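**Q** Next input, structure requested:
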Amino acid sequence: MTALPPSDSLPADSAKAWKADLRARADRRNRQHPAGVHPHPDGGASALRHGRIQEAPYDRTTPHLPGIMKTPFHVMAKPVGAVCNLDCRYCYYLEKESMYPASGSMRMTPDVLETYIRSYIENHPEGDVHFAWQGGEPTLMGLDFFQSALTLQQRYAGGRSVFNAIQTNGTLLDDTWCEFFARHNMLVGISVDGPRALHDVYRRDKRGRATFDDVMRGLGFLKKHGVSFNTLTVVHRANSGHPEDVYSFLTSIGSTFLQFIPLVERKPGPVQASSGLHFHPPPFPAQAEADVEVSDFSVEPETYGKFLVAVFEQWRRRDVGRIFVQLIDVALANHMGLGSGMCVFSETCGRALALEHNGDVYSCDHYVYPEYRLGNLMHHALGDMVASPEQIRFGNAKRDTLPRYCLECEVLDLCRGECPKHRFTKTPDGEPGLNYLCRGYRMFFNHLRPHLIQMERVIRGMVNTSDLNARAK
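**A** All right, here's what the predicted structure looks like:
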């Protein structure tokens, strides 16, 4: 296990850059993105934040119009459903293909595409509009599909700016793709789990072959064409013990925006196995379940906490103002009362939905199961599905079903119970609904808190850079 470096003051030579950078970002956040509900981060989806990729735009209140949402939402569009050219061992979405055995080609049709784009833009009547494309592997749709999407967006945009982001495994990228991304200012999230030895443990193709070289080749095309990109790294059993190696590698390949998501999947029970599923479904809120084992590739709670602490220490010591780590940004925003940019760290959720290739809409990317299907956008208004009583209950359950152990926790304002998908363990007094990663997050957020206090003081002008320089000495 990697030893954790000691915690000390913010480096003096970083104070000025940190103050200028975060003050600008905080001002922009207050001006454009008031606190509210936020979209889902997991599963590799990325959209836009401050001109870069995150999970989606922040919420903002809009005037009430019939059939139009007052609070914008985010949709994770999957034009090829679960189809992918890779066969990553830990991928929870590949098995969703079994839900559509009679659909034939798992490709979004032109009429579904147009209906989605029109209704999504109509329900976001003010400001910029942000689309996010995911899968499966969305590049399997080909360039013509995305060119059609951009054409339709301009048709329905009404003069507003429309932005697109795509999450890809990177293996199919070439000059043609990356010239297209650059020409249309598309932001790209590329999935990479660290250096070769760590990345290739679970990220394999359909023939079981390693994918690292293909990903690096694709990344090379992105750089060649000047495409803005960030990295999405799944933290699992194999790479979680090597935080310094992972962080150093990601920054060495040119990533300046880093997203880390924990891998937590449970082994299937007899019912799931008989249905061809590889993982146990998420728990129902606050309902006790029989003990279910986590998969052997899931990250362990304490190891994940140490991973995050080590990443923070590396960033703090050398990369403040140059590298941006999503979890640190989100924790700072929550600490300052600005609202989270990730639904898992927000008080409630339910505003980040998943769209399947045939138009089916689900409550969340991690809840693509029949009982969480809200309808089909070819037959139901998208805004009505988002505002349905079922979806409102789904989102509010994140807050309303927290066990007392969480409600009394010193880092509740930073954690908010994290994702309901991971709330399948019991508290020390036996109450259901505790997050599997609780010990790790508690470790990380308690380590972070003194630094968040210092950062807030810098941003709010309560401490000047000379004070920080003197303190560092």
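
**Q** Can you tell me the element F312 falls in?
**A** Using DSSP states H and E, F312 sits in helix 301-318.

**Q** got any ranges where this structure has weak pLDDT?
**A** In the predicted model, the chain carries pLDDT under 70 at residues 1-71, 103, 286-288, 290, 462-473.

**Q** can you give me the strands for it?
**A** All strands of the chain, identified by DSSP state E, fall at 47-49, 52-54, 74-77, 129-133, 162-168, 187-191, 229-235, 257-262, 324-325, 352-355, 360-362, 373-376, 425-426, 432-434.

**Q** Using PDB, write out every CA atom in stretch 190-197.
**A** In PDB, the C-alpha atoms belonging to stretch 190-197 read as follows (Å, rounded to 0.1, in the frame of the first residue of the first chain):
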ATOM      1  CA  ILE A 190     -11.300   9.300 -22.700                       C
ATOM      2  CA  SER A 191     -11.300   6.200 -20.400                       C
ATOM      3  CA  VAL A 192      -7.900   5.200 -19.100                       C
ATOM      4  CA  ASP A 193      -7.200   3.400 -15.900                       C
ATOM      5  CA  GLY A 194      -3.500   4.300 -15.500                       C
ATOM      6  CA  PRO A 195      -0.300   3.100 -17.000                       C
ATOM      7  CA  ARG A 196      -0.200  -0.100 -19.100                       C
ATOM      8  CA  ALA A 197       0.100  -2.600 -16.300                       C
END
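
**Q** so how far is L308 from V162?
**A** Taking Cβ to Cβ, to the nearest Å as the measure, V162 falls 34 Å from L308. Any C-beta I mention is one placed from the backbone N, CA and C, and that applies to glycine too.

**Q** coming back round to it: just the angle for the helix holding F312 relative to strand 257-262, thanks.
**A** 170 degrees (axes from the mean of the first three to the mean of the last three Cα atoms, to 10 degrees).

**Q** Output the contacting helices and strands for helix 301-318.
**A** For helix 301-318, the packing partners by 3 or more Cβ pairs under 8 Å, 6 or more residues apart in numbering; DSSP states H and E come out as helix 243-252, strand 257-262, strand 324-325, helix 326-335, helix 438-459.

**Q** Buried residues, it. List them.
**A** 301, 303-316 (16 or more other Cβ atoms under 10 Å).

**Q** got it, and stretch 168-179?
**A** T168, N169, G170, T171, L172, L173, W177, C178.

**Q** Nearest to E410 among the strands of the chain would be which one?
**A** strand 432-434 (15.4 Å; Cβ to Cβ).

**Q** what pairs with the closest one, and is each one parallel or antiparallel?
**A** Partner strands and pairing direction for strand 432-434 (DSSP bridges) are strand 425-426 (antiparallel).

**Q** The stretch 101-250 of the chain: helices as residue ranges?
**A** Taking DSSP state H, counting those that start in this stretch, the helices of the stretch 101-250 of the chain run over residues 110-122, 143-156, 175-183, 196-199, 212-224, 243-252.

**Q** coming back round to it: with respect to A182, which of the helices and strands packed on helix 301-318 lies nearest?
**A** strand 257-262 (17.2 Å).

**Q** That closest one packs against which elements?
**A** Applying 3+ Cβ pairs under 8 Å, 6+ apart, we find strand 257-262 packed against strand 52-54, strand 229-235, helix 243-252, helix 301-318, strand 324-325, helix 326-335.

**Q** which outside residues touch stretch 92-111?
**A** 43, 77, 79-84, 87-88, 116, 135-136, 141, 145, 148, 265, 275-279, 356-358, 365-366, 368, 370, 378 (Cβ atoms under 8 Å, 6 or more residues apart in numbering).

**Q** How many residues are close by L94?
**A** Per other Cβ atoms under 10 Å, the neighbour tally for L94 reads 20.

**Q** Any figure for the gap between it and M141?
**A** From L94 over to M141 (counting by Cβ to Cβ), the distance is 17 Å.

**Q** Equivalent analysis for E300, please.
**A** For E300 relative to M141 (Cβ to Cβ), the value is 37 Å.

**Q** Next: A331.
**A** A331 is 35 Å from M141, by Cβ to Cβ.

**Q** Those two: which is more packed in?
**A** Counted by other Cβ under 10 Å, A331 and M141 do not tie: A331 has more neighbours, with 27 against 21.

**Q** ok, back up a step: looking at the helices and strands packed on strand 257-262, which is closest to K426?
**A** That would be helix 301-318 among the helices and strands packed on strand 257-262, by Cβ to Cβ, at 13.8 Å.

**Q** Render the CA-only coordinates of the closest one in PDB, please.
**A** What follows is helix 301-318, C-alpha atoms only, in PDB (Å, rounded to 0.1, in the frame of the first residue of the first chain):
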ATOM      1  CA  PRO A 301     -13.400   1.300   1.100                       C
ATOM      2  CA  GLU A 302     -10.200   2.100   3.000                       C
ATOM      3  CA  THR A 303      -8.000   1.700   0.000                       C
ATOM      4  CA  TYR A 304     -10.200   4.100  -2.000                       C
ATOM      5  CA  GLY A 305     -10.000   6.600   0.800                       C
ATOM      6  CA  LYS A 306      -6.200   6.400   0.800                       C
ATOM      7  CA  PHE A 307      -6.100   6.600  -3.000                       C
ATOM      8  CA  LEU A 308      -8.100   9.900  -2.900                       C
ATOM      9  CA  VAL A 309      -5.900  11.300  -0.100                       C
ATOM     10  CA  ALA A 310      -2.700  10.500  -2.000                       C
ATOM     11  CA  VAL A 311      -4.100  12.000  -5.200                       C
ATOM     12  CA  PHE A 312      -5.000  15.200  -3.300                       C
ATOM     13  CA  GLU A 313      -1.500  15.400  -1.700                       C
ATOM     14  CA  GLN A 314       0.200  15.100  -5.100                       C
ATOM     15  CA  TRP A 315      -2.100  17.700  -6.600                       C
ATOM     16  CA  ARG A 316      -1.700  20.100  -3.700                       C
ATOM     17  CA  ARG A 317       2.000  19.900  -3.700                       C
ATOM     18  CA  ARG A 318       2.700  20.500  -7.300                       C
END
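
**Q** returning to what we had before: pull out the buried residues from the contacts of stretch 92-111.
**A** Buried among the contacts of stretch 92-111 (16+ other Cβ under 10 Å): 43, 77, 79-84, 87-88, 116, 135-136, 141, 145, 265, 277-279, 356-358, 365-366, 368.

**Q** Skipping its backbone neighbours, what lies nearest Y369 in space?
**A** P281 (5.7 Å; Cβ to Cβ, 6 or more residues apart in numbering).

**Q** no wait, V112
**A** Excluding its sequence neighbours, the residue lying closest to V112 (Cβ to Cβ, 6+ apart) is G359, at 4.7 Å.

**Q** and F249, how many neighbours does it have?
**A** F249 has 21 neighbours, counted by other Cβ under 10 Å.

**Q** any idea how far F257 is from it?
**A** F249 sits 15 Å away from F257, going by Cβ to Cβ.

**Q** Ok, W177 next?
**A** 20 Å.

**Q** can you list the residues that contact stretch 445-452?
**A** For stretch 445-452, contacts defined as Cβ under 8 Å, 6+ apart pick out 7, 10, 309, 312, 316, 328, 331-332, 335-336, 410-411, 414-415.

**Q** still on that earlier bit, got the contact list for the residue nearest to V112?
**A** Applying Cβ under 8 Å, 6+ apart, the residues near G359 are V112, T115, Y116, N376, L377, M378, H379.
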